[in-house]
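*Asks:* Structural data only, the sequence is not supplied:
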Ligand SMILES: CC1=C(CCC(=O)O)c2cc3nc(cc4[nH]c(cc5[nH]c(cc1n2)c(C)c5CCC(=O)O)c(CCC(=O)O)c4C)C(CCC(=O)O)=C3C
Ligand SMILES: [Fe+2]
């Protein structure tokens, strides 16, 4: 237990107008070897929504909900917000906290899983922002991975139950769980032993199946792959998987990899995957991400309470958790693993 004096909501960031789109995309892909064609194609997805991603507004809406949930637990701390890729940029938020004399911060990132993109990169962002602000920068810790927290699972299970009511369900109906694809090399280095990102996504899917009471077939698939075509990423892609299905009346697609309906959900699932299903004559529903006034927000508050009040860790899964601070897990670039034990 520690004396924290602020909570930090740490997120991805998204553009809020047409002119933000290209500079945002350049921030996301800086140094990551993403081809220009891919950037221009993704820019189109954003422009389709007027250049506005819902992710920033979702964060704005989350903050008062989170504050209420924290308050119910007796945690009366200010909630700051900083992003990796767009305003409010984390470095500016850390500078503000330093000016206000904040010394010790507990960060909650909007990703439940381990991997470079979903965890280590946020830790690197924190380190870079603190270094830029200098000596007065607060110490910033980050809460654990929460992919198997009962409240996290309950949020998606509710979406799944509601979604299934919107389609014809028979014994060919499949439930698909989708998360952001990552390069195979990133997957190989996820977690202390590797491949933990896909393990965690699979476990979250399995737990959601149980919580929703689903007894039919289900699969884990991936979406939104990027990078040069010759580079291997996690497969199957949701669209390829739909193409491979035979004699399937309907599918429900649960975006278990994302906390909110941002562009990758609105475009890659609600437009692209929905069109693929329509072309194939498969009835399609994309199930909802968790409500802000439901168990997801409670979960985020409980993660803070674990660290601030020592409330017990609640988990449904069996995969081991690890502390990213203590292991050199999830490096940005695949490098030879340090040899262990000598
Ligand atoms: C694992 C993971 C999550 C989940 C964890 C988390 O939430 O953090 C996630 C979330 C998100 N990804 C998002 C958007 C983008 N991701 C990109 C690119 C990439 N994502 C990757 C992985 C992930 N991404 C990777 C390995 C790349 C290749 C570049 C690199 O190696 O870093 C690109 C560049 C263009 C493209 O190539 O698609 C964009 C625009 C948005 C915001 C959507 C909005 O604005 O509404 C969100 C929440
Ligand atoms: Fe991404």
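*Replies:* It's in. This one's a predicted model, so the numbers in the text were calculated from it and none came from an experiment. Ligands and ions are numbered 1, 2, ... in the order given.

*Asks:* ok, the closest residue to residue 83 other than its chain neighbours - contacts?
*Replies:* Once flanking residues are discounted, residue 83 sits nearest to residue 13: 3.0 Å by Cβ to Cβ, 6 or more residues apart in numbering. Where you see a C-beta, it was placed from the backbone N, CA and C, and this is true even at glycine. Neighbouring residues of residue 13 by Cβ atoms under 8 Å, 6 or more residues apart in numbering: 24, 27, 55, 56, 83, 84, 85, 86, 87, 89.

*Asks:* same thing but at 6 Å, please
*Replies:* With contacts defined as Cβ atoms under 6 Å, 6 or more residues apart in numbering, the neighbours of residue 13 are 83, 84, 85, 86.

*Asks:* Count the residues that sit near the residue of the stretch 101-250 of the chain found nearest ligand 1.
*Replies:* Going by Cβ to the nearest ligand atom, ligand 1 is nearest to residue 226 of the stretch 101-250 of the chain, at 2.8 Å. Residues within reach of residue 226, counting by other Cβ atoms under 10 Å, total 20.

*Asks:* Do a quick rundown of the strands in the chain.
*Replies:* 6-11, 79-83, 104-109, 139-142, 174-180, 218-223, 250-254, 283-286 (DSSP state E).

*Asks:* Nearest to residue 234 among these would be which one?
*Replies:* strand 218-223 (4.5 Å; Cβ to Cβ).

*Asks:* what packs against that closest one?
*Replies:* Judged by 3 or more Cβ pairs under 6 Å, 6 or more residues apart in numbering; DSSP states H and E, the packing partners of strand 218-223 are strand 174-180, helix 196-212, helix 238-244.

*Asks:* and the second one with strand 174-180, angle?
*Replies:* Orientation note: helix 196-212 sits at an angle of 140 degrees relative to strand 174-180 (axes from the mean of the first three to the mean of the last three Cα atoms, to 10 degrees).

*Asks:* What does the pLDDT read for residue 339?
*Replies:* Residue 339 carries a pLDDT value of 42.

*Asks:* wait, residue 332
*Replies:* 85.

*Asks:* Now for it, how many residues are close by?
*Replies:* Neighbour tally, residue 332, other Cβ under 10 Å: 14.

*Asks:* Over to residue 272?
*Replies:* Counted with other Cβ under 10 Å, residue 272 comes out at 16.

*Asks:* And the furthest pair within the contacts of residue 13?
*Replies:* Across the contacts of residue 13 (Cβ to Cβ), the longest gap, 8.1 Å, separates 84 and 86.

*Asks:* Highest mean neighbour count out of the helices and strands packed on strand 218-223?
*Replies:* Burial of those is given as mean neighbour count (mean count of other Cβ atoms under 10 Å); strand 174-180 ranks first at a mean of 25.

*Asks:* Which strands and helices lie in contact with that strand?
*Replies:* strand 218-223, strand 250-254.

*Asks:* Quick one: closest of these to residue 237.
*Replies:* strand 218-223 (5.9 Å).

*Asks:* sorry, back to before: contact partners for the residue of the stretch 101-250 of the chain closest to ligand 1?
*Replies:* Residue 226 touches 34, 38, counting by Cβ under 6 Å, 6+ apart.

*Asks:* Please report how far it lies from residue 66.
*Replies:* Per Cβ to Cβ, to the nearest Å, residue 226 is found 30 Å from residue 66.
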